[in-house]
Structure formats: structure tokens, C-alpha cells
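*Asks:* coords please:
(chains A and B)
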There are 2 protein chains.
Amino acid sequence: MTKILKGNAVIGQSGGPTGVINQSLVGVIEEVAKHQCFQKLLGAVHGVRGIINENFIDLDNVPQEQLQAVANTPSAALGSTRDKPDQDYCNNIFEVFKKNDVRYFFYIGGNDSASTANIVNDLAKQANYDLKVFHIPKTIDNDLLVTDHCPGYGSAAAFVAQAVMGDNFDNLALPGIKIDVVMGRHAGFLTAAAKLAQQRPDDGPHLIYIPEAPVSMEQFTQDVVDTYERLGRCLVVVSEGICDTDHTPWAVKMVEEAETDSHGNVQLSGSGALGDFLVAQVKKKLPKARLRADTFGYLQRSFPGIVSAVDAAEARQCGRAAASAAAGDGTDGSIAMKRLGNGDKYAIETFVTPLDSVAVKTKSLPAEYINKAGNNITDAFIEYVKPLVGKLPQVGFLR
Amino acid sequence: MTKILKGNAVIGQSGGPTGVINQSLVGVIEEVAKHQCFQKLLGAVHGVRGIINENFIDLDNVPQEQLQAVANTPSAALGSTRDKPDQDYCNNIFEVFKKNDVRYFFYIGGNDSASTANIVNDLAKQANYDLKVFHIPKTIDNDLLVTDHCPGYGSAAAFVAQAVMGDNFDNLALPGIKIDVVMGRHAGFLTAAAKLAQQRPDDGPHLIYIPEAPVSMEQFTQDVVDTYERLGRCLVVVSEGICDTDHTPWAVKMVEEAETDSHGNVQLSGSGALGDFLVAQVKKKLPKARLRADTFGYLQRSFPGIVSAVDAAEARQCGRAAASAAAGDGTDGSIAMKRLGNGDKYAIETFVTPLDSVAVKTKSLPAEYINKAGNNITDAFIEYVKPLVGKLPQVGFLR
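*Replies:* Residues are numbered from 1 along each chain as shown, chains lettered A, B, ... in the order given. Got it, this is the predicted structure:
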């Protein structure tokens, strides 16, 4: 039997908010309370930054009712950080751990957080300091390796699907060309979820562009014109990372184009710039059409009330699995999910994967989920994403 | 006893979508089915445009299940229009009515729709043609006269409140300055609803700017700086119609400023332009702060799943009231709501107000709802708006 490692535990949250990152936090808190090996459970305020500043809050005696309310609250209750620790920064983290007899470290975040966890874990090993390090996945981008999908994605996908579903009704009532810009600089998973909004064959979204399927501006505008001529309207959803055939993002190219544009009336950066740029390109071909863009922005990642029940439960489960693994024989790793069935038989189980299998690198939307023309999403993706999002509002039509 | 007027009825939907405009439509359909005076009920496809093109759909035999699904669907199931009929256009409407033996006209929309209804009503009177004309209020702007509030507002207000609540958690986790732009060119009701998002005294929104309270750029940026220095973050919500002390909208002034700006890097129009302009102004005073803007866009008016139950029920009730008034002694008018109580005793009753009392003009946010500094909303407004929005998601904090 393994020797029981006794000591304090630290938990932190990192990166962009999601609707369920607090579910994972509460999962860890609940499971930690069940095991004697954990002495104090310390919450690092603003992630690694809270660790190096020794800014901790005590998580041992939070009433259950408050914990449940926190779990249901979007964003990171401990505060988050954009810091991406290098080796020196990780050294500082490790020094704080030694000083405070920290023997367990739980870090909720994306691939950068897995890297941080991995480096700190290596430092402890090199120093022969007993430390158990677990990463708990979290990202609306859904771009982590190994795991079937990431906690946080299902809820953001539900928001995007509902937003685009509503926008299709808007576009049906007042026809025109509408471009919606969804988060995702490198991976198209979140944008692809817009496909769930489609109710009938001619309903929007009519076109979906993701970073994995580069598109020339000629092709993009022609696709829009074709749909507009066929249906009298066109609802387009694009990732922030939509890119040209040379893989340069259009958000970068538009800046270059603006610099050579004597009118200078394209904003170089800003919240709506990409959408407005794409609108301007389409307008060249369809000067009389009613054109408009919206950029969903932060609403996608922290909207209270639009949370996938499956996502919330899985995020909680991943938190519990991390604490449970740490209390058992596990020494380090990232919690991952394996899908056991689909449709009505959807289920997952968690497992532990090495930290370095999740660190640094990311996943792209698989080719089987992208149509041949590169401007839409396949039914295979619907099968993948549907159980993660859950039931969408039921809607009806008169026309 | 009044002679019963027998004939066909036409119903149309106009202007920007809301979450509950279809509730009013279904309310009319349900009530019309109960009265023998109505022969065919015709739905005008895309409002007045559908009337002059005689593009109607039969609404007499829609199954109840489908009706309920339509009622729960945002936007206008019959299609909407931006057409604002002049006298000639209204003449054409009247000609179509005569040709099709239309004796009842229900028009769901804002003050422009009330004007159209009023002109058509006058034409019928002048021609001694028996026609009953009822306007059913609808607008997320909540700016119609006479009625306590407008169907559609409560649901949009719920969306804004939830979005800003989520953004406060986002801003708390990753502190910075965030500016959210809410619909409302002239009336601040929708923006003011952001106040519902505030959970604790130091939570956002910290500043709220509406068209009714003009603000100089010096004052605006100073307010933001003051909050940022006090709390290390600042969440600001502004109406599209935020304006300078001379009452010129900042969205107009920024275009003038851009034209004299040799850098030319402010976009003159577009989905995110105002937010980005305001961010740029704050950046001059706080160059190192994390700054970002989001513009909520169409999501505010047609998001399925974020519907106030009270708003939905009242919209349905207004539709029923219109058909009921038309089947009875009523000849014309706009349906309005009177508030009978507040808080737990909140209730409304509908009444009929003359068409010209609602046509053309609009309402502003009353002065008692705006704080003295003109940069926030009072508790009196909370009392006004809370019953219209209903319960917001319960949230919790650890810090």
C-alpha cells in the first residue's frame, strides 16, 4: 500500500472564463473534504499570480449552499490570470509550495495551465519533494488533446447555438445578410456549434467558416452572393480565426489592406473590426443588400443561465476525479474524458492522462466535421456535439 | 346593442423583432377563433408590405401545438418590415382591405405601427367603410406613450441584465475596463436594465450612461478613471444613443472627430464602432489598462430561451385583449397596460387608448430613475423593472 502523503492543497483557476469552471472548483472542494490526506485547501486568488503572491483563501469551511451557488455561477470565483509562467515563474511557485507545505496542486485551465502544472511537477521531482499535481481541463475552445471534449465547451456551444438560432429568426423576419463572429482563433469547435441552430434545410446558418478551412475572399463573398440570390437572405457564422488560403487570418490581412487604403476607414483593431471588414467585402458585390455584423464577444463565455446540464455535471465530475486521483495512488496528470456512447446512450468516464500529453499543443476540428466546400459543417459533427449541448429551446414556424 | 360587424381580419407584425411578438400574434389568433364576427384571419407576410402585395397566409387552422411553439419562438413568425407607410402607402393598404372585405386590422409594433394603424383607420372613417383597427404594442425600447411598459421589453431587459451579470463575473476574474453597448438610440430603458445585474455594492455595472443623461467625454473618461482607481476594474454600460452635453450622440461626434484625425483609424460606422471609440478615449487616460468593448447587437432582441415569463404572458394578453375589444364594442385603439401593484403584488390590466395617443411620439426614461451625477440608475427604477424581468439566475461568490 502506498504511503499516505499528508499536506496542504492549492487550487487555482486560469485563463478565460467559462460557464462551468466553478463546477470543477466545487468538485475539487467537495472531494477534498472526504479525504484525510488533505490538510488545508487553499484557493489561489487569480491563479499562479495568487500563488507567487501567497494570496490564498481558505476553502475548507465554505457552507454547502454557498458552494452550490458558486458552482452555478459563470467565470472563475477565485479569480483568473493571463500569466503564462516560464521556468523562473514556476520556480517561484515551487518555492511557495515548499514554504507552505503544499503537497497537492490542482490547476484548472487549458493547455498553458497544463504546461505550468507540468513544469512545477518536474521541479518537485528534481528536488525529491513529494508533490501531487493534477490539471483539470477547461476551455470554451475545446482544443485540448487526449480528452474527447473539454468542460466549458458545451455551455459556450449552447450559447452560440441559441444565439444563431435566434438570429436566423431575426434574419427570416427582416431578410438581409448577417455575419456573426464567434470566438476561436485557431480551433473551429465553437463556431461549428452554430450548426445546431439550423432547423430546416433553408434555415441559417447558411455558411460556416472556421480556421481549419481557409477561404479566399473571392470564394467567401461568392458563397454569400450565391446564398443571397437563392434565398433572398444569408446568415453567415465565422470564427475569429477565419483565414485566407495561405493560412493568414483575415483579421491580420485586413490590417494590411487598411494600411494601403487611402480612405483609411477600416478600423485596425477592436471589438467589431473583423465582422465590419467582412461586411465591407460583401457590400462590394451586393451594394444594395441589408448588411450587418455582430461579434458575440465575452457573452459566449460567461452568460449566466445558459449552461449545458451535461457540461456542468462533467465539469464537477472532472474536479472530483482530480481530487480522488490525488488522494489515491495517482501522482500527477490531467483529467480527461472518454466517450462511452452516443445519442441516447451518451456517457463518459474520466481517466488520467500524462500532463505532457495535454501541455502546449492543441487540437483542431477533425476534417470529417467539415464539408467538402469548406464552408459548412457535417452531420457527423452534430452527432459529436449534440450530447454536450443538450436540449435547445423548442421553436415553431408559420411559414 | 351594437350591430355585429362581420368580415375578414388581417394581422401583421412590424419593426425589430422581440422575444414575445409571436405571443401577441398567437393571442390574437386564439381570441379570434372564439368569436363569430371574424371570418377568415389572414396573416400579412412582412407586415404592411404583405398587405399591399396581398401576400397573406391563412391563420384559421393552425394546430394548437404549432401555435404554442410559435408563441415560444422569438422574432416575427409572419415576417416583419421596416416600411413606414406614408399617406399613399396607407391608401394602398385601404384599397386591399376593401377588395378583400377586411373589416378588422390588428397591427403589432411600435409607435410607427400605431401611426400606420391610425392613418388607415382615418381613411376608413372618411370613406364610411366599417373597419376596426387595433394596435398591439411591441418594442424592446419600451418607449411607447400611455402604457406602463411594452411587451418585448421585459425579455430584452432580462437578456441585458444576465449578460451584464455574467460580464461582471468575467471582469472580476480578469480585471480591466469593459464597456458594453446596449441598444437604444433615444430611450435608456433597456440600458438601465443592466442595473439589475449588480449583486453587491462594488459589483458592476459601475457606470451606466443613457441618452437622457448627456455626458461630456471629459466627464465620461474621468468617471471610468475614478472607478478604476478605486476598484482596480470598471464595468460600464452605455446606450447606443449616449450623447454629449449638447445632446449630439457620441456615435455622430466620433465620425466628425475621425474625419479630422490624420491617423484615420476609427471606423466611421459598423457594429463595434461606438464601443471601440469609447475604449480609445479611456485609453488616452489609462494607456496600460486592459480595455475592451462588446456590442450586444441583435442577440438582445431575439435570443431564444431568455424570455421573461411575465413579458410572455402579458404579450399574449395584449393580443387577446385586441381581438376581444374588436369583437365587442371597440372600434379602434391601441392596447395599453396599467400597473395595479408592485413587488409581490405586481399585476396589470389592459385597456384601450386612442391610436393617436401612441402614434409618432415616444417616451424617455423618467428623471427619477437617473441618479444626480447622470452616470447611474436609481433604486426606484429597480422597483419598476424587476417584475417585468422576473427571476434572474442565482449566483454565488467566494471572495
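*Asks:* Only C-alpha atoms from now on, for both contacts and neighbour counts.
*Replies:* Fine.
*Asks:* Helices of the stretch 51-200 of chain A, start to end?
*Replies:* Here the stretch 51-200 of chain A has its helices, by DSSP state H, counting those that start in this stretch, at A:64-71, A:87-99, A:111-126, A:153-173, A:189-192.
*Asks:* I'd like those written out as CSV, with mean pLDDT, distance to B:K3 and mean neighbour count added.
*Replies:* Shown next, in CSV, are those (pLDDT from 0 to 100; distance: least, Cα to Cα, whole Å; neighbours: other Cα atoms under 10 Å in any protein chain shown):
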stretch, mean pLDDT, distance to B:K3, mean neighbour count
helix A:64-71, 97, 60, 18
helix A:87-99, 96, 86, 17
helix A:111-126, 96, 76, 22
helix A:153-173, 98, 37, 28
helix A:189-192, 98, 59, 28
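*Asks:* quick one, domains of chain A?
*Replies:* Per automatic domain parsing, the structural domains of chain A span A:7-140+A:305-357, A:153-300+A:367-389.
*Asks:* before we move on, back to that, please convert the helices of the stretch 51-200 of chain A to TSV, extending it with distance to B:R185.
*Replies:* Formatted as TSV, the helices of the stretch 51-200 of chain A follow (distance: least, Cα to Cα, whole Å):
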stretch	distance to B:R185
helix A:64-71	36
helix A:87-99	48
helix A:111-126	42
helix A:153-173	19
helix A:189-192	30
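*Asks:* can you put those in CSV and add distance to chain B?
*Replies:* Below are these laid out as CSV (distance: least, Cα to the nearest Cα, whole Å):
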stretch, distance to chain B
helix A:64-71, 4
helix A:87-99, 19
helix A:111-126, 16
helix A:153-173, 4
helix A:189-192, 16
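*Asks:* Out of those, which gets nearest to B:D356?
*Replies:* Closest approach to B:D356 among the helices of the stretch 51-200 of chain A is made by helix A:153-173 (26.7 Å; Cα to Cα).
*Asks:* Need the CA coordinates for that closest one. CSV is fine.
*Replies:* What follows is helix A:153-173, C-alpha atoms only, in CSV (Å, rounded to 0.1, in the frame of the first residue of the first chain):
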residue,chain,number,x,y,z
TYR,A,153,-17.2,23.9,-24.3
GLY,A,154,-20.8,22.5,-24.1
SER,A,155,-22.2,25.6,-22.4
ALA,A,156,-20.4,28.1,-24.8
ALA,A,157,-21.7,25.9,-27.6
ALA,A,158,-25.2,26.1,-26.2
PHE,A,159,-24.9,29.9,-26.2
VAL,A,160,-23.7,30.1,-29.8
ALA,A,161,-26.3,27.6,-31.0
GLN,A,162,-29.1,29.6,-29.3
ALA,A,163,-27.8,33.0,-30.4
VAL,A,164,-27.6,31.8,-34.0
MET,A,165,-31.0,30.2,-33.8
GLY,A,166,-32.4,33.5,-32.7
ASP,A,167,-30.5,35.3,-35.4
ASN,A,168,-32.0,33.0,-38.0
PHE,A,169,-35.5,34.0,-36.9
ASP,A,170,-34.4,37.7,-36.9
ASN,A,171,-33.0,37.3,-40.4
LEU,A,172,-36.1,35.5,-41.6
ALA,A,173,-38.3,38.3,-40.3
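*Asks:* Who are the packing partners of that helix?
*Replies:* Under the contact criterion of 3 or more Cα pairs under 8 Å, 6 or more residues apart in numbering or on different chains; DSSP states H and E, helix A:153-173 touches strand A:177-182, helix A:189-192, strand A:234-239, helix A:309-327, helix A:379-389.
*Asks:* wait, A:H206 sits on A:V225?
*Replies:* No: counting by Cα atoms under 8 Å, A:V225 is not a contact partner of A:H206; they are 11.4 Å apart.
*Asks:* Strands of the stretch 251-399 of chain A, start to end?
*Replies:* Assigned by DSSP state E, counting those that start in this stretch, the strands in the stretch 251-399 of chain A fall at A:291-295, A:332-341, A:347-353.
*Asks:* Next, format those as TSV and append mean neighbour count, mean pLDDT and distance to A:P17.
*Replies:* Formatted as TSV, the strands of the stretch 251-399 of chain A follow (neighbours: other Cα atoms under 10 Å in any protein chain shown; pLDDT from 0 to 100; distance: least, Cα to Cα, whole Å):
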stretch	mean neighbour count	mean pLDDT	distance to A:P17
strand A:291-295	24	96	17
strand A:332-341	21	98	19
strand A:347-353	16	98	22
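*Asks:* These into a markdown table, with extra columns for distance to chain B?
*Replies:* Output for those, formatted as a markdown table (distance: least, Cα to the nearest Cα, whole Å):
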| stretch | distance to chain B |
| --- | --- |
| strand A:291-295 | 6 |
| strand A:332-341 | 23 |
| strand A:347-353 | 26 |
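*Asks:* got a list of what A:V10 touches?
*Replies:* For A:V10, the contacting residues are A:41-44, A:102, A:104-106, by Cα atoms under 8 Å, 6 or more residues apart in numbering or on different chains.
*Asks:* the bottom helix or strand of chain A by mean pLDDT?
*Replies:* Least confident helix or strand, chain A: helix A:250-259 with a mean of 83, by mean pLDDT, DSSP states H and E.
*Asks:* Can I get it in CSV, CA atoms only?
*Replies:* C-alpha atoms of helix A:250-259 as CSV (Å, rounded to 0.1, in the frame of the first residue of the first chain):
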residue,chain,number,x,y,z
TRP,A,250,-8.3,37.7,-42.4
ALA,A,251,-8.1,39.7,-39.1
VAL,A,252,-4.4,40.2,-39.9
LYS,A,253,-4.8,40.7,-43.7
MET,A,254,-7.5,43.4,-43.2
VAL,A,255,-5.0,45.5,-41.3
GLU,A,256,-2.5,45.2,-44.2
GLU,A,257,-5.3,46.1,-46.6
ALA,A,258,-6.3,49.1,-44.5
GLU,A,259,-2.8,50.4,-44.5
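*Asks:* Quick check: closest non-adjacent residue to the residue positioned nearest the centre of chain A.
*Replies:* Nearest residue to the geometric centre of chain A (Cα atoms, centre = their mean): A:I140, 1.2 Å. Leaving out its chain neighbours, the residue that sits closest to A:I140 by Cα to Cα, 6 or more residues apart in numbering or on different chains is A:Y153, at 4.1 Å.
*Asks:* how close does that neighbour sit to A:T81?
*Replies:* Applying Cα to Cα, to the nearest Å, the value for A:Y153 to A:T81 is 19 Å.
*Asks:* Kindly report the same for A:F397.
*Replies:* A:F397 sits 45 Å away from A:T81, going by Cα to Cα.
*Asks:* So for these two, which residue has more residues nearby?
*Replies:* Shown here are A:F397 and A:T81; by other Cα atoms under 10 Å in any protein chain shown, A:T81 has more neighbours (21 against 15).
*Asks:* List the contacts of the residue nearest to the centre of chain A.
*Replies:* A:18, A:150-157, A:190, A:301.
*Asks:* can you put the residues you listed in TSV and add distance to B:V164?
*Replies:* Listed next are these as TSV, based on distance: Cα to Cα, whole Å:
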residue	distance to B:V164
A:T18	15
A:C150	25
A:P151	23
A:G152	19
A:Y153	21
A:G154	21
A:S155	17
A:A156	16
A:A157	19
A:L190	22
A:R301	12
